[in-house]
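S.K.: no sequence for this one, just the structure:
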């Protein structure tokens with residue numbers, strides 16, 4: 001019988017261990033999370049892959065996942081990061097460290113796409129990446145349009161928008177956006193998004209999968225928040241322009 005690598009409830013992060021004494025049919029949220037590819041009773045697909053990374057690398061596995069998710073957009077973060085938050089809430093991963101590693105992984109993945117855009121240009125990069133399975137050329141064009149419309153702020157706000165989050169780095173690289181600005185906006189946007197998902201996973205506990213189920217609601221909330229921020233920025237700019245004109249008129 002193959003030995004399963006287990007994340008057992010209540011075990012600290014540094015005590016992840018192999019344990020074949022627990023039956024596969026005892027698998028359920030809050031009691032046991034096991035990974036054994038040879039056992040059909042164990043979680044498979046994306047969850048199984050993510051758990052394999054976390055079992056093998058601990059908190060750094062979360063960072064590797066977000067790097068892959070950034071470079072390969074069809075991999076969603078809306079289910080795996082809440083799972084990591086849930087495991088941190090159980091004490092098997094360090095909450096602060098998974099926020100840090102997930103943000104670092106997202107930045108490194110974004111930096112790869114930034115470099116690709118800078119090296120090949122936007123059109124060639126899109127032609128190359130659109131050959132990947134499950135990657136739609138329209139998504140790249142949406143990201144490019146988002147960047148053209150919002151400029152540098154698109155890098156920060158784009159990190160909060162599914163479908164834009166990963167690909168926004170390509171036009172930034174193609175336009176040779178200053179690396180310091182790109183790094184600052186990417187890190188802050190990724191930190192906010194990853195921290196939100198991880199925190200929700202920790203708060204929901206065994207119901208962490210609800211985040212994926214209601215991800216559209218979360219997306220609408222993000223869009224509403226972004227619209228509010230953009231509206232506030234526009235109003236502030238208009239007011240400043242009006243005040244500047246009034247000041248010039250008063251001096252005249």
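M.R.: Right, received. Where do you want to start? Treat the numbers as computed from the prediction; the structure is a model and nothing was measured.
S.K.: can you name the next helix or strand after the helix or strand residue 52 falls within?
M.R.: Using DSSP states H and E, residue 52 maps to helix 45-57. Next in sequence after helix 45-57, counting helices and strands by DSSP H and E, comes helix 59-71.
S.K.: before we move on, the earlier item: what about the helix holding residue 52, average pLDDT?
M.R.: When pLDDT is averaged over helix 45-57, the result is 79.
S.K.: which parts of that helix are buried?
M.R.: By neighbour count on 16 or more other C-beta atoms under 10 Å, the buried set for helix 45-57 is 46-55. Just so you know, the C-beta spots here come from the backbone N, C-alpha and C atoms, and that holds for glycine as well.
S.K.: and the gap between residue 114 and residue 82?
M.R.: 27 Å (C-beta to C-beta, to the nearest Å).
S.K.: correction: residue 176
M.R.: Taken as C-beta to C-beta, the span from residue 176 to residue 82 is 36 Å.
S.K.: neighbour count: these two, which is higher?
M.R.: residue 82 (25 against 11; other C-beta atoms under 10 Å).
S.K.: same for the helix or strand encompassing that one, what does it pack against?
M.R.: Under the criterion of DSSP H and E, residue 82 resides in helix 80-89. Contact here means 3 or more C-beta pairs under 8 Å, 6 or more residues apart in numbering; DSSP states H and E; on that basis helix 80-89 packs against helix 45-57, helix 59-71, helix 95-120, helix 179-204.
S.K.: give me the contact list for the helix or strand that the third one is followed by.
M.R.: Moving toward the C-terminus from helix 95-120, the first helix or strand encountered (DSSP H and E) is helix 122-129. Taking contacts as C-beta atoms under 8 Å, 6 or more residues apart in numbering, the residues outside helix 122-129 that touch it are 113, 116-117, 120, 135, 137, 140-141, 144, 170-171, 173-174.
S.K.: list just the nearest of those residues to residue 184.
M.R.: residue 173 (15.4 Å; C-beta to C-beta).
S.K.: tell me the SS of that closest one?
M.R.: Here residue 173 is helix, with the state taken from DSSP: H, G, I helix; E, B strand; the rest coil.
S.K.: what about it, how many residues nearby?
M.R.: 24.
S.K.: contacting residues for it?
M.R.: 113-119, 125, 182.
S.K.: next, count neighbours for the nearest residue to it once chain neighbours are set aside.
M.R.: Spatial nearest neighbour of residue 173, excluding adjacent residues (C-beta to C-beta, 6 or more residues apart in numbering): residue 117 at 2.9 Å. Other residues within reach of residue 117 by the criterion other C-beta under 10 Å amount to 26.
S.K.: ok, back up a step: check the helices and strands packed on helix 80-89 for me and report the most buried one.
M.R.: Neighbour counts (mean count of other C-beta atoms under 10 Å) averaged over each of the helices and strands packed on helix 80-89 peak at helix 59-71, with a mean of 23.
S.K.: so where's this structure shaky on pLDDT?
M.R.: The model of the chain has pLDDT under 70 over residues 1-46, 73-77, 133-135, 163, 205-234, 244, 247-248, 251-252.
S.K.: how is residue 160 assigned, secondary-structure-wise?
M.R.: Three-state assignment for residue 160 (three-state DSSP): coil.
S.K.: can I assume it is in contact with residue 191?
M.R.: No: counting by C-beta atoms under 8 Å, residue 191 is not a contact partner of residue 160; they are 11.0 Å apart.
S.K.: so who does residue 174 touch?
M.R.: 117-118, 121-122, 125.
S.K.: can you list these in a markdown table and add distance to residue 249?
M.R.: Converted to a markdown table, the contacts of residue 174 look like this (distance: C-beta to C-beta, whole Å):
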| residue | distance to residue 249 |
| --- | --- |
| 117 | 45 |
| 118 | 45 |
| 121 | 47 |
| 122 | 44 |
| 125 | 49 |
